[in-house]
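Student: prediction below, plus the sequence it came from.
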Amino acid sequence: MRTTRIVGMVSETALEDEWLRRATAAAIAAARDVIKLDGPIPPGTPVGRLADVELGWVLAAMLFAWVRTRAEQAACEQLDTEQCIRLTGLDPEPWDAGAVAAILPELAGACAGIDWSQPVTAWPKDVMIEFLLTAMRLIRKAMIARDLSDKGISRQSGASTIARQANAAAGGPLMDPTELNDEIGI
């Protein structure tokens with residue numbers, strides 16, 4: 001069965017790719033903005049000579065520009081900002097790799113009976129199955145904990161954020177109404 005395609009209609013993948021290109025271009029431009037004649041790092045400075053602080057400036061500029069562009073995408077396409085920032089187009093996603101890295105100490109403890117001196121290819125089938133099931137259980141637990149956290153990347157998520165946004169949309173201050181209940185210390 002053939003699918004008809006409307007001429008001039010852009011696929012979601014093409015749009016996502018364009019936003020990722022924009023985010024990358026913004027990150028590169030931000031790094032170049034740090035490394036210029038009137039910038040904090042003079043051009044031509046060898047990377048190996050940069051101090052940790054200077055490398056931090058470049059990294060922070062790139063990261064913030066990338067996040068800013070992904071947040072712009074979320075606003076333009078009415079997407080969840082947190083999810084938009086988390087999706088990098090990389091495989092595996094760094095967000096997932098971080099959750100896996102977090103479980104490694106617990107995984108080693110849970111699999112204490114494995115003979116780690118043997119190569120993985122020499123493990124008996126039942127040991128491999130037990131190891132993978134343990135890893136899957138721990139990874140699933142870490143990802144659920146990560147996804148259900150009330151602390152987001154760019155802001156705190158949850159009811160307070162929704163209340164702030166609703167208040168601001170109605171023309172009020174960007175405050176949670178409960179913040180107005182604080183006592184005045186006179």
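Tutor: Alright, I've got the coordinates. Residues are numbered from 1 along each chain as shown.
Student: list the buried residues for the helix or strand hosting residue 143?
Tutor: Using DSSP states H and E, residue 143 sits in helix 125-147. For helix 125-147, a neighbour-count test (16 or more other Cβ atoms under 10 Å) marks 127, 130, 131, 134, 135, 138, 139, 142, 143 as buried. All C-beta spots, glycine's among them, are computed from the backbone N, C-alpha and C.
Student: same check, this time on stretch 79-93
Tutor: Within stretch 79-93, the residues that qualify as buried are 79, 81, 82, 84, 85, 86, 87, counting by 16+ other Cβ under 10 Å.
Student: what segments of this protein are helices?
Tutor: According to DSSP state H, the chain carries its helices in the segments 12-34, 52-77, 81-86, 94-110, 125-147, 159-169.
Student: state the mean pLDDT of the longest one.
Tutor: Pointing back at helix 52-77 there. In this model, helix 52-77 has an average pLDDT of 91.
Student: ok, back up a step: can you list the buried residues of stretch 79-93 in TSV and add distance to residue 68?
Tutor: Formatted as TSV, the buried residues of stretch 79-93 follow (distance: Cβ to Cβ, whole Å):
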residue	distance to residue 68
79	15
81	11
82	14
84	12
85	10
86	15
87	15
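Student: and which of the residues you listed is nearest to residue 39?
Tutor: Using Cβ to Cβ, residue 85 comes nearest to residue 39 of those, at 26.0 Å.
Student: these two touch, right, the closest one and residue 74?
Tutor: Yes. In this structure residue 85 lies within contact range of residue 74 using Cβ atoms under 8 Å: 7.4 Å.
Student: which residues of the protein score low on pLDDT?
Tutor: Residues of the chain that meet the criterion pLDDT under 70 lie in 1-11, 149-186.
Student: quick one: contacts of the helix holding residue 143?
Tutor: 95-96, 98-100, 102-103, 106-107, 110-111, 114, 120, 123 (Cβ atoms under 8 Å, 6 or more residues apart in numbering).
Student: distance of residue 12 relative to residue 18?
Tutor: 11 Å (Cβ to Cβ, to the nearest Å).
Student: these two - which one has more neighbours?
Tutor: Applying other Cβ atoms under 10 Å to residue 12 and residue 18 shows that residue 18 carries more neighbours, namely 12 against 8.
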